[in-house]
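> coordinates only, sequence not included:
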């Protein structure tokens, strides 16, 4: 497969190293996208190896058809949060040797105006990774209360001017429905005082709305809770995050649960330490300067690896 710039898989070599891909292994790519990481994994597999790929984006399912002639490859449409159930259903007698997630929005999604993810191109304000499911960003902004909008932008976008942005959105929608990406970007631009160097004023707001519309943090939380139950000891987990909230969740999962030590004073016992499902492998990996130059999306990528205990 020939990769265009839009399809460059982020931290490809680090993903393969983190998964410790074996020729006869079984691996899961929970965020197939356009198949860059899946192709790299398949290139490492022998005839006895296999790969399950998942994605909730219908366009990813269409892209997966190019892998249909490879008997080692299976594609399952759906969100990665359902990975554990999918594995129990499709592969009841085989546990994966490694699972992988590349979180956030893909380059093809950003570069397609009709998907409504980016303020760089004018398009319908949708932002859903699966356009057939749930509520679009435009529909949510049309009905949400001002305080709710502000909270989403603040917590998911870490936008310190969230209340100003929310007020501007509510004022603008009173005059006309907010249905286009360029329309929303202009509303935010006018509301945000000053400008961060190299960053559009609407960046944080668009990020927050995308995370909210797609329930991205809830999806990740469910995956982190359920995936240890279907992995055997020694299996690897590799996750690439692009947002501090996601990375914090993965980091905490790798550290394991905190013991509850709130006991009455003088009690001469301590609670049992909860089992740690993961052993962190190595340090967080970031793209080097050359990869960032070739693929700007890699600039904020953080890769973490864990091994099932």
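Thanks, I have it. If you're wondering where the values come from, they're calculated on a predicted model, not measured in any experiment.
> so where do the helices sit in the chain?
All helices of the chain, identified by DSSP state H, fall at 12-19, 36-44, 58-64, 83-90, 107-111, 137-143, 146-157, 162-175, 181-191, 203-213, 216-226, 244-255, 289-294.
> figure out which of these is closest to residue 306.
helix 244-255 (4.7 Å; CB to CB). Where C-beta positions appear, they are placed from N, C-alpha and C, glycine not excepted.
> so what touches that closest one?
Under the criterion CB atoms under 8 Å, 6 or more residues apart in numbering, residues 103-104, 156, 158, 211, 216-217, 220-221, 224, 239, 241, 276-278, 280, 284, 302, 304, 306 lie in contact with helix 244-255.
> where does pLDDT dip in the stretch 1-150 of the chain?
Low-confidence segments of the stretch 1-150 of the chain, defined by pLDDT under 70: 1-7.
> are any of the contacts of helix 244-255 buried, and which?
Those of the contacts of helix 244-255 that meet the buried threshold are 103-104, 156, 211, 216-217, 220, 224, 239, 241, 277-278, 280, 302, 304, 306, by 16 or more other CB atoms under 10 Å.
> show me which of the residues you listed is closest to residue 289.
residue 302 (15.8 Å).
> wait, what's in contact with that closest one?
So residue 302 contacts 240, 241, 242, 247, 284, 285, 286 (CB under 8 Å, 6+ apart).
> quick one: contacts for the residue nearest to residue 33 when sequence neighbours are not counted?
Excluding the flanking residues, the one nearest residue 33 by CB to CB, 6 or more residues apart in numbering is residue 106, at 4.3 Å. Listed by CB under 8 Å, 6+ apart, the contact set of residue 106 reads 31, 33, 34, 57, 60.
> can you tell me which of those is nearest residue 112?
residue 57 (10.6 Å).
> now the closest one, nearest residue through space, not along the chain?
Using CB to CB, 6+ apart and skipping residues adjacent in sequence, the residue nearest residue 57 is residue 129, 5.2 Å away.
> distance check, that neighbour against residue 156.
In this view, residue 129 and residue 156 are 15 Å apart by CB to CB, to the nearest Å.
> residue 237 too?
Taking CB to CB, one finds residue 237 at 24 Å from residue 156.
> got it, and residue 185?
Between residue 185 and residue 156 the distance is 17 Å, computed by CB to CB.
> got the domain boundaries for this structure?
What automatic domain parsing lists as the domains of the chain is 7-108+216-261+268-308, 130-213.
> dump those domains to a markdown table, plus distance to residue 124.
A markdown table is the format used below for the domains of the chain (distance: least, CB to CB, whole Å):
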| stretch | distance to residue 124 |
| --- | --- |
| domain 7-108+216-261+268-308 | 15 |
| domain 130-213 | 6 |
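> which of those sits closest to residue 123?
The nearest among the domains of the chain, by CB to CB, is domain 130-213 at 5.3 Å.
> start to end distance for the closest one?
Start to finish, the residues bounding domain 130-213 are 10 Å apart (CA to CA, to the nearest Å).
> cool, stretch 201-220 as well?
Note: stretch 201-220 ends 27 Å apart using CA to CA.
> in it, what's buried?
201-214, 216-217, 219-220.
> also stretch 64-82?
Applying 16+ other CB under 10 Å to stretch 64-82 flags 64, 67, 72, 73, 74, 75, 76, 77, 79, 80, 81, 82 as buried.
> likewise for stretch 239-255?
For stretch 239-255, burial by neighbour count (16+ other CB under 10 Å) applies to 239, 240, 241, 242, 243, 246, 247, 249, 250, 251, 253, 254.
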